[in-house]
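Novice: Provide a 3D model corresponding to the input given below.
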Amino acid sequence: MSGLMDKAKEAMGGNKQGGASTGGQPSGTEKGADSALNKGIDQATDRAGMGDKYDAKIDKFADGQANKQIPGGQN
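Specialist: As a prediction, this is how the structure comes out:
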């Protein structure tokens, strides 16, 4: 899982659209991190033979964990 977090952190550093957003909307940083993380999760669950059955639940949990690492990120 740390490899996925590394990808998310790379995505956060690579996206300079701004930090925390207002109005409850995810920032560009959060969207980029979530996208990179979710792609990695989807690939890992496919390789494990899990298919898409649990992807949404795992993605939601992982997004929350990653967003805690983003200053001002939505939890």
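Novice: quick one: low-confidence ranges for the protein?
Specialist: Applying pLDDT under 70 to the chain picks out residues 1-2, 5, 8-26, 72-75.
Novice: Tell me where it has helices.
Specialist: Under the criterion DSSP state H, the chain contains helices at 2-14, 28-47, 55-68.
Novice: how about JSON lines for those helices, with mean neighbour count added?
Specialist: For every residue, glycine as well, the C-beta is placed using N, CA and C. As requested, these are exported to JSON lines (neighbours: other C-beta atoms under 10 Å):
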{"stretch": "helix 2-14", "mean neighbour count": "15"}
{"stretch": "helix 28-47", "mean neighbour count": "18"}
{"stretch": "helix 55-68", "mean neighbour count": "15"}
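Novice: State the distance from Gly49 to Ile58.
Specialist: 14 Å (C-beta to C-beta, to the nearest Å).
Novice: got it, and Asp6?
Specialist: According to C-beta to C-beta, Asp6 stands 17 Å off from Ile58.
Novice: try Asp52
Specialist: In this view, Asp52 and Ile58 are 10 Å apart by C-beta to C-beta.
Novice: Quick check: neighbours shared by the two?
Specialist: Common contact partners of Asp52 and Ile58 (C-beta atoms under 8 Å, 6 or more residues apart in numbering): Thr45.
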